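K.L.:
Sequence plus the predicted model coming up.
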Amino acid sequence: MTSNKYVLNWIDEMAAMTKPDKIVWIDGSEEQADRLRDEACKTGEMIKLNEEKLPGCYLHRTAVNDVARVEDRTFICTPTKEEAGNINNWIAPDEMYARLKKLYTGSMKGKTMYVIPYSMSVIGSPFAKYGIELTDSIYVVLNMLIMTRVGTKVMEALGDSPDYVKGLHATADCDPENRYIVQFPQDNTIMSVNSAYGGNVLLGKKCFALRIASYLGRKENWMAEHMLILGVTYPDGSKHYVTAAFPSACGKTNLAMLIPPKQYLEKGYKIETVGDDIAWLRIGQDGRLWAVNPENGFFGVAPGTNEKSNPNALASTRKDTIFTNVCHNLDDNTVWWEGLNDNPPHNAINWKGEKWDYTKYDKADKINTSGAHPNSRFTAKAENCPCLSDEFYKGAGVPVEAIIFGGRRAKTAPLVYQSTSWQNGTFVGSIMASETTAAAAGAIGVVRRDPMAMRPFVGYNMGDYWAHWLKMGNLIPNPPKIFHVNWFRTDAEGHFIWPGFGDNMRVLMWILGRCEGKYDADLSPIGYLPKAEDINIEGLNGITRDTIRELLTIDKQSWLDDVAHIREFYAFVGQAVPHALYDELDALEARLKN
Ligand code: OXD
Ligand code: MN
């Protein structure tokens, strides 16, 4: 498929180490994909689902000890520890290469090594970056075929260039003690071993499109962010785009695909999805910041996805989808997960591959009693999403008017506020945090700081990453405005006050209105707050102007407590934290005390 000597030499070297029986290039054709699907079904690696109800869909189960990304086994191997920073795990590159070599040696004996040439972003577009993943897993091949653009065309676009990201994945023994997800940013290299779970092995996603890409972005003056991208079409036909970064379990996919409330639909407003997880952002010739979604599919969490919470995501999974670790309904050979509907299958196999008794389900012990694993997934083609934007296919990107940060905060953060400048907005991103819920193990309400939702995904020192944000602010002639939202404020009884889901459109419209200069706002110690009358509550049951006022209050003491927590966090991030962010923190504290 290629005469690129850099690629061929590297594959030879990797094959000499892993010793596969054969090497197969993935050309991106349907015929080849079909043969691989057949083979995976023969070996039991995948189960073909009901062709009438779920055409082209398959079920796969991973090992029970291999069901999620593993942050403690993820490494950024820069030449010095300072470059990786305190947030990332670090081991010196030479030592890591030596450790990995032992694990990879002979690991593909008796197996096939698949060579997957893939592109992040539209092939040949100004945003595009290429990668090659070597893997011994058909599941990985078939997922990569959905999540990225794969095949011969990628090699044609790469030509003789050495400029591609090398990725080596070996399933090995799936041994959790020897599981490694390693990025070598200086070498454009990713190595993953002893896992076969999506987030650890689909190397185009977190490893490349966030960790390696964030490092490249810093070098090349662009940004790789853990952000959804959505467009709002106004009744006059104009289109307005925002990106948003939320930590997991805060509804990124739901916001990206939201269905506007009736009042907006009737007036002709429409929401279109460009991306649900990752944005690459570059400065356009017009001086604005432009965003693309480098992926080609969605690797979404299944539980909780239903006709009400996210009909567009559900529709995306009705064909050509790979389900991982969901519940298998044997009666009609379909799939089910908690929160899909109220009819759990009576004749079913759970995510562990055992007979499942739905009557034993216990919310407090989901892992052992649920039909689907809480982190079970669907890998669905973006093109199957009913609200996918046409811009998704174009590769030129969309101009971003607003960047929205958000987290799950019961008390501290108001429903929405606007930062006062790019520098202040960078500060707002750097202090992003989310509270753990009763659903997760451990104490409730513990604040985990997750700057820009990138804590697990920055490919270098977090402090330097913040400095890069500040630098980009100086480089972008017409930067987006930066906002923060919180859908999760609770009342005295612990109930969510704001309805969320489609009604988040109301907040989105305030944000876009601010970008257009349509609304005044009140300057508070933390930034600009909406005037309560500017949040549209028409048709909202139980939400009054007073509710909005309550959602916009700022409790100075809890903010001062937060300031103390942020100081500890900045100290942990260390020396690289830019002075400008300390200035912002000091100024915030002074305003709160005033
Ligand atoms: C994540 C994901 O963990 O997108 O953020 O899978
Ligand atoms: Mn994500």
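P.N.:
Noted; the coordinates are in hand. Numbering: from 1, shown residues only. Ligands and ions are numbered 1, 2, ... in the order given.

K.L.:
what residues does this structure put near ligand 1?
P.N.:
Residues of the chain found near ligand 1 (C-beta under 6 Å from any ligand atom) are 69, 199, 248, 277, 299. For the C-beta atoms, the positions are set from N, CA and C on the backbone; glycine is no exception.

K.L.:
buried subset of the residues you listed?
P.N.:
69, 199, 277, 299 (16 or more other C-beta atoms under 10 Å).

K.L.:
Among the residues you listed, which lie within helices?
P.N.:
Those of these mapping onto helices are residue 199, per DSSP state H.

K.L.:
Max pairwise distance over the buried ones among the residues of the chain next to ligand 1: which two?
P.N.:
Farthest-apart pair in those is 69 and 277; separation 12.6 Å (C-beta to C-beta).

K.L.:
Check the gap between the closest residue to residue 445 other than its chain neighbours and residue 72 for me.
P.N.:
Closest residue to residue 445 apart from its sequence neighbours, by C-beta to C-beta, 6 or more residues apart in numbering: residue 435 at 5.1 Å. Between residue 435 and residue 72 the distance is 21 Å, computed by C-beta to C-beta, to the nearest Å.

K.L.:
do residue 386 as well
P.N.:
To residue 72, residue 386 is 38 Å away according to C-beta to C-beta.

K.L.:
if you count what's nearby, which of these two comes out ahead?
P.N.:
Per other C-beta atoms under 10 Å, whichever of residue 386 and residue 72 has more neighbours is residue 386, with 13 against 7.

K.L.:
Could you verify my assumption that the more buried one touches residue 314?
P.N.:
No: at 9.9 Å, residue 386 does not count as touching residue 314 under the criterion of C-beta atoms under 8 Å.

K.L.:
mind checking which helix or strand residue 53 is in?
P.N.:
Per DSSP states H and E: residue 53 is located in neither a helix nor a strand.

K.L.:
Now do the phi/psi pair for it.
P.N.:
Reported as degrees, to the nearest 10, the phi and psi values for residue 53 are phi -80, psi -30.

K.L.:
What residues does it make contact with?
P.N.:
Residues in contact with residue 53 (C-beta atoms under 8 Å, 6 or more residues apart in numbering) are 332-334.

K.L.:
Filter the residues you listed down to the buried ones.
P.N.:
333-334.

K.L.:
what's the closest of the contacts of residue 53 to ligand 1?
P.N.:
Ranked by distance to ligand 1 (C-beta to the nearest ligand atom), the contacts of residue 53 are led by residue 334 at 23.6 Å.

K.L.:
From residue 49, how far off is the closest one?
P.N.:
6 Å.

K.L.:
Likewise for residue 269?
P.N.:
In terms of C-beta to C-beta, residue 269 sits 36 Å off from residue 49.

K.L.:
Same check on residue 252?
P.N.:
For residue 252 relative to residue 49 (C-beta to C-beta), the value is 27 Å.

K.L.:
May I ask which helix or strand encompasses residue 507?
P.N.:
helix 504-515.

K.L.:
neighbouring contacts of that helix?
P.N.:
232, 240, 242, 255, 258, 260-261, 264, 269, 271, 401-402, 404, 415-416, 418, 480-481, 483, 485, 487, 519, 521, 528, 530, 534-537, 540.

K.L.:
try it again with 7 Å
P.N.:
Here helix 504-515 makes contact (C-beta atoms under 7 Å, 6 or more residues apart in numbering) with 232, 240, 242, 255, 258, 260-261, 264, 401-402, 404, 415-416, 418, 481, 483, 485, 487, 519, 521, 530, 534-536.

K.L.:
Show me what the lowest-mean-pLDDT helix or strand in the chain is packed against.
P.N.:
Taking mean pLDDT, DSSP states H and E as the measure, the chain has strand 433-435 as its least confident helix or strand, at a mean of 89. Where contact means 3 or more C-beta pairs under 7 Å, 6 or more residues apart in numbering; DSSP states H and E, strand 433-435 is packed against strand 447-449.

K.L.:
Just give me how far stretch 497-515 sits from the chain centre.
P.N.:
21 Å (C-alpha atoms, centre = their mean, to the nearest Å).

K.L.:
re earlier: buried residues, the least confident helix or strand of the chain. List them.
P.N.:
Quick answer for strand 433-435 (16+ other C-beta under 10 Å): 433-435.

K.L.:
Just put those residues in TSV and tack on distance to residue 496.
P.N.:
Shown next, in TSV, are these (distance: C-beta to C-beta, whole Å):
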residue	distance to residue 496
433	18
434	14
435	13
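
K.L.:
Counting neighbours, what do you get for residue 566?
P.N.:
Counted with other C-beta under 10 Å, residues neighbouring residue 566 total 21.

K.L.:
what helix or strand does it sit in?
P.N.:
With DSSP H and E as the test, residue 566 turns up in helix 556-573.

K.L.:
Tell me how the chain divides into domains.
P.N.:
Following automatic domain parsing, one gets these domains for the chain: 5-45+73-220, 225-297+390-593, 298-380.

K.L.:
Mind putting the ones you listed into CSV with distance to residue 61?
P.N.:
CSV is the format used below for the domains of the chain (distance: least, C-beta to C-beta, whole Å):
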stretch, distance to residue 61
domain 5-45+73-220, 9
domain 225-297+390-593, 20
domain 298-380, 5
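
K.L.:
Nearest to residue 56, out of the ones you listed?
P.N.:
That would be, of the domains of the chain and by C-beta to C-beta, domain 298-380, which comes in at 4.2 Å.

K.L.:
for residue 178, what are its contacts?
P.N.:
Contacts for residue 178 (C-beta under 7 Å, 6+ apart) come out as 103, 194.

K.L.:
and if you look at residue 186?
P.N.:
For residue 186, the contact set (C-beta under 7 Å, 6+ apart) comprises 78-79.

K.L.:
Look up how far ligand 1 lies from it.
P.N.:
Distance, residue 186 to ligand 1, by C-beta to the nearest ligand atom, to the nearest Å: 25 Å.

K.L.:
Could you do residue 316 as well?
P.N.:
Taken as C-beta to the nearest ligand atom, the span from residue 316 to ligand 1 is 15 Å.

K.L.:
now the helices for the stretch 401-550 of the chain?
P.N.:
Per DSSP state H, counting those that start in this stretch, the stretch 401-550 of the chain carries helices over the ranges 422-430, 462-475, 504-515, 545-551.

K.L.:
and residue 575, which of those helices is closest to it?
P.N.:
Closest to residue 575 of those, according to C-beta to C-beta: helix 462-475, at 6.9 Å.

K.L.:
and that closest one, average pLDDT?
P.N.:
Across helix 462-475, the average pLDDT comes to 98.

K.L.:
buried ones in it?
P.N.:
Neighbour-count burial for helix 462-475 [16+ other C-beta under 10 Å]: 462-470, 472-473.
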